[in-house]
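Enquirer: Pasting the sequence and the predicted model now:
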Amino acid sequence: GDAPWRSRLAGLRSAPPFAVWRLWLDRRPTLDPPPFLGTTGYGPLDNVSFIDRMEPHAWSWAAGTGGCVVELHAYALPEGVDEARLRHELRAQLARIHPELADARVVHDEWLLRHDCPLAGTDSWGDRPGVVTPDPRVVLAGDGVRCEHPVALMERAATTGWLAANVLLQRRGLPGHDVWTVPVQGRGRRLAHAARGRLTHAARRRLGPGA
Ligand SMILES: Cc1cc2nc3c(=O)[nH]c(=O)nc-3n(C[C@H](O)[C@H](O)[C@H](O)COP(=O)(O)OP(=O)(O)OC[C@H]3O[C@@H](n4cnc5c(N)ncnc54)[C@H](O)[C@@H]3O)c2cc1C
């Protein structure tokens with residue numbers, strides 16, 4: 001790519017570190033927990049997922065042992081966070097939500113502390129590199145790549161993947177794939193006015209109640 005494109009690429013930043021801790025515990029919660037619970041006010045704990053309620057392999061392990069497979073996420077951690085302390089804190093917060101798991105034995109666990117998620121920050125979205133690059137052989141896809149559709153995270157990674165494949169196919173004279181999205185503007189000017197509260201009284205009467 002050319003120098004301006006390279007400098008836009010170099011300007012991309014990673015989101016702060018995050019931790020993912022998957023625990024295989026020797027017991028399960030007393031009441032059926034939701035498969036996913038977003039939390040606030042629980043220290044660094046941002047969400048709790050019971051993987052055995054989502055994934056067949058974890059489900060059969062839990063069914064066979066009477067245990068559970070739970071995953072704890074913590075986002076936006078400080079650089080150089082004390083991992084042992086963080087794990088202790090996450091366990092303590094899980095016990096606040098599920099006291100019956102406080103003394104559960106950890107049969108197995110997997111711990112990840114990473115710093116490799118693209119940051120969609122307050123920088124100018126327009127400066128972010130898009131799918132097409134100055135080099136016709138190279139296209140970009142991923143969550144960090146600009147996309148004009150209203151998508152984010154996995155959906156943006158997948159959508160830019162389709163768009164990138166379409167660019168390459170079209171350059172070889174091959175049809176691409178349709179990419180569908182939700183409408184990004186109102187369907188009718190009249191209704192758009194009504195939504196903004198600018199519709200005249202007479203027009204409101206014509207449109208009927210609820211307009
Ligand atoms: C803890 C957590 C929870 C999340 N939860 C959700 C959610 O609930 N819903 C949602 O939509 N999104 C969620 N996301 C975001 C989602 O995971 C990302 O948006 C998505 O994975 C981005 O896909 P990607 O292809 O851009 O990048 P990635 O999935 O990160 O894939 C990039 C790949 O490139 C590989 N790689 C990196 N460098 C090199 C190299 N030099 N050579 C070869 N390979 C390399 C990496 O190993 C990786 O496999 C979550 C992310 C995290 C971290």
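Expert: Received, thanks. Numbers count the residues shown, from 1 in each chain.
Enquirer: Would you mind listing what in this protein touches the ligand?
Expert: 18, 20, 73, 117, 142-143, 153-155, 157 (CB under 6 Å from any ligand atom). For the C-beta atoms, the positions are set from N, CA and C on the backbone; glycine is no exception.
Enquirer: Number of residues surrounding Cys68?
Expert: Cys68 is flanked by 24 other residues according to other CB atoms under 10 Å.
Enquirer: list the contacts for the closest residue to it other than its chain neighbours?
Expert: Excluding the flanking residues, the one nearest Cys68 by CB to CB, 6 or more residues apart in numbering is Arg28, at 4.0 Å. Going by CB atoms under 8 Å, 6 or more residues apart in numbering, Arg28 touches 52, 62, 66-68.
Enquirer: With distance to Ile97, secondary structure and pLDDT added, can I get the residues you listed in TSV?
Expert: Converted to TSV, the contacts of Arg28 look like this (distance: CB to CB, whole Å; DSSP: H, G, I helix; E, B strand; the rest coil; pLDDT from 0 to 100):
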residue	distance to Ile97	secondary structure	pLDDT
Asp52	16	helix	98
Ala62	18	helix	98
Gly66	20	coil	97
Gly67	17	coil	98
Cys68	13	strand	98
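Enquirer: Looking at those residues, which is nearest the ligand?
Expert: Distance to the ligand across the contacts of Arg28 (CB to the nearest ligand atom) is lowest for Asp52, with 17.6 Å.
Enquirer: my guess is that closest one meets Gly64, correct?
Expert: No: contact criterion CB atoms under 8 Å: Asp52 and Gly64 do not qualify, at 10.6 Å.
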